[in-house]
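3D model of this:
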Amino acid sequence: MNKIPSFTINHNKLLRGIYVSRKDNIGNDTVTTFDIRMKEPNREPALHPGALHTIEHLAATYLRNDAEWKDRIVYWGPMGCLTGNYLLIRGDYESRDIVELMKRTFSFVAGFDGDIPGAAPEDCGNWLLHDLPMARWEAGKYVTEVLDCITDDNMVYPESI
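Prediction:
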């Protein structure tokens, strides 16, 4: 059985950042999958599930309403390892192309105050699992520590294992 390419990235060297995980051709379109890595795998605590769930709701809402990008957003969702999120965008893009979009998205999350969109029992399968204060804190940390000072080291996967 073939290994999934993302399982061949050396996670012990992976930094927080924005990475192109894969590109798929679907019909005449390319879909770029981004690894939005908020935590260094195996070296710092994972995101709390409630915070990550809230980030999912807020970021998805922001991205699907962003005037520039909304028609290209395919999917935003959490990684099972709780160290970040996946973003799928219609089009052939590189990490640098979405840095400003991610700054706006995570700044929105960091500054959000109010009812979390889609967090009512009729809208969400686990509506009690939300943590807005921690989501805001994690998003702000990601902006200041990663996005505001991003380098190639935070946008190119380390060598494969």
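
ranges for the helices of the protein?
Under the criterion DSSP state H, helices of the chain are mapped to 49-63, 99-111, 132-145.

just say which of the ones you listed is most tucked in.
helix 49-63 (a mean of 22; mean count of other Cβ atoms under 10 Å). The C-beta positions use only the backbone N, C-alpha and C, and glycine is treated the same way.

quick one: contacts of it?
With Cβ atoms under 8 Å, 6 or more residues apart in numbering as the test, helix 49-63 has contacts from 47, 69-70, 73, 76-78, 82, 85, 87, 101, 104-106, 108-109, 112, 116-119, 124, 126, 129-132, 134-135, 137-139.

so where's this structure shaky on pLDDT?
Residues of the chain meeting the criterion pLDDT under 70: 2-5, 160-161.

what distance do you get for Arg72 to Met134?
Separation of Arg72 from Met134 (Cβ to Cβ, to the nearest Å): 29 Å.

likewise Pro45?
From Pro45 to Met134 the distance is 12 Å (Cβ to Cβ).

check Thr8 too.
Taking Cβ to Cβ as the measure, Thr8 and Met134 are separated by 32 Å.
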